[in-house]
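[1] give the three-dimensional model of this entry:
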Amino acid sequence: MLAPRVNAVLVVGGKYHDMDFARLELLKLLAEHPRIRTTVLPDYGDGDALTAADMLVTYTVDRVPDEATAARLRDWVAGGKRWFALHGTNSILKWSKADKAWAAPRTSPTFMDTLGSQFLAHPPIAPYTVEVTQPDHPLVAGIEPFEADDELYLSALYPPFQTLLHTRWSGQAELFVDRDWSSDEPRPVMYLKKLGDGEVLYLTLGHARGHYDMQPLMPEYPEIERGSWKTPAFYELLRRGLSWAGRLGDD
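    Modelled structure (predicted):
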């Protein structure tokens, strides 16, 4: 007898990133599991589809649900489901003319509290070392520290959660309203947040940008950026996260 089907929803959409690249890579990884059948959505508008899923995977930038749908998602997780959130899922972006910098409006409190964080800023993209915080945890066991050439997320945090990977950085994130990050403390890169009988797994890595992805701010972005998608450790973390979200074990 076949093992039961796992219904996944993959939400990919938003601004200033190569969503086509990320969507395709995630679909290829999901397709490694014959039990997973995936519905792809561009945003959080279909609350019924989101809460009918067995597992949720998101790679979004400046895309958030309304408060009613956010509350449904929170209840869905608390009821025993698992959500694997990637990169900019926790972002809201608004250009502040007064500050001449990007702001992060706190307009989606339920969504961000469910995720466990809200993106506020990042320094210029440059390699940084990702350290393993909980080396005995199955999601990161055997992963050695690695260099990530990625956006280093500086976020408002909404614990409690269990940090699995972290990095350290302090300084000024000049392109953002929340620019002062002078405190030297660990910055979570991957963490688990329990909600009732379910959990959210958040991994901040995964920046990707192509030549056309900064329109209309600029007609052509000068280079193709693939961030941690160039790093084998990142793909291993993705595979483990997807297996965790679908409760696939050794499948």
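
[2] tally of neighbours for residue 24?
    The local packing of residue 24 (other CB atoms under 10 Å) involves 12 other residues. Using the backbone N, CA and C atoms, a C-beta is placed for each residue, glycine as well.

[3] tell me the SS of it?
    helix (DSSP: H, G, I helix; E, B strand; the rest coil).

[4] contacts only, for it.
    Taking CB atoms under 8 Å, 6 or more residues apart in numbering as the criterion, residue 24 is in contact with no other residue.

[5] now it: how far from residue 158?
    Applying CB to CB, to the nearest Å, one obtains 31 Å for the distance of residue 24 from residue 158.

[6] try residue 54
    With distances defined as CB to CB, the gap from residue 54 to residue 158 amounts to 25 Å.

[7] same check, this time on residue 131
    If you measure residue 131 against residue 158 using CB to CB, the figure is 22 Å.

[8] ok, now residue 198?
    Following CB to CB, the distance that separates residue 198 from residue 158 is 16 Å.

[9] ditto for residue 203
    When distances are taken as CB to CB, residue 203 and residue 158 turn out to be 16 Å apart.

[10] neighbour count for these two, which is higher?
    When residue 203 is set against residue 158 and neighbours are counted by other CB under 10 Å, the residue ahead is residue 203, at 24 against 16.

[11] hang on, the more buried one packs against residue 241?
    Yes. Under the contact definition of CB atoms under 8 Å, residue 203 touches residue 241, with a separation of 6.3 Å.

[12] need the residues touching each of those two.
    With the criterion set as CB under 8 Å, 6+ apart, the overlap between the contacts of residue 203 and residue 241 is residue 84.

[13] who does residue 59 bridge with?
    residue 12, residue 86 (DSSP bridges).

[14] pLDDT score for it?
    At residue 59, the predicted lDDT confidence score is 99.

[15] that one is in contact with residue 84, isn't it?
    No. Distance between residue 59 and residue 84: 9.6 Å, which falls outside the contact criterion (CB under 8 Å).
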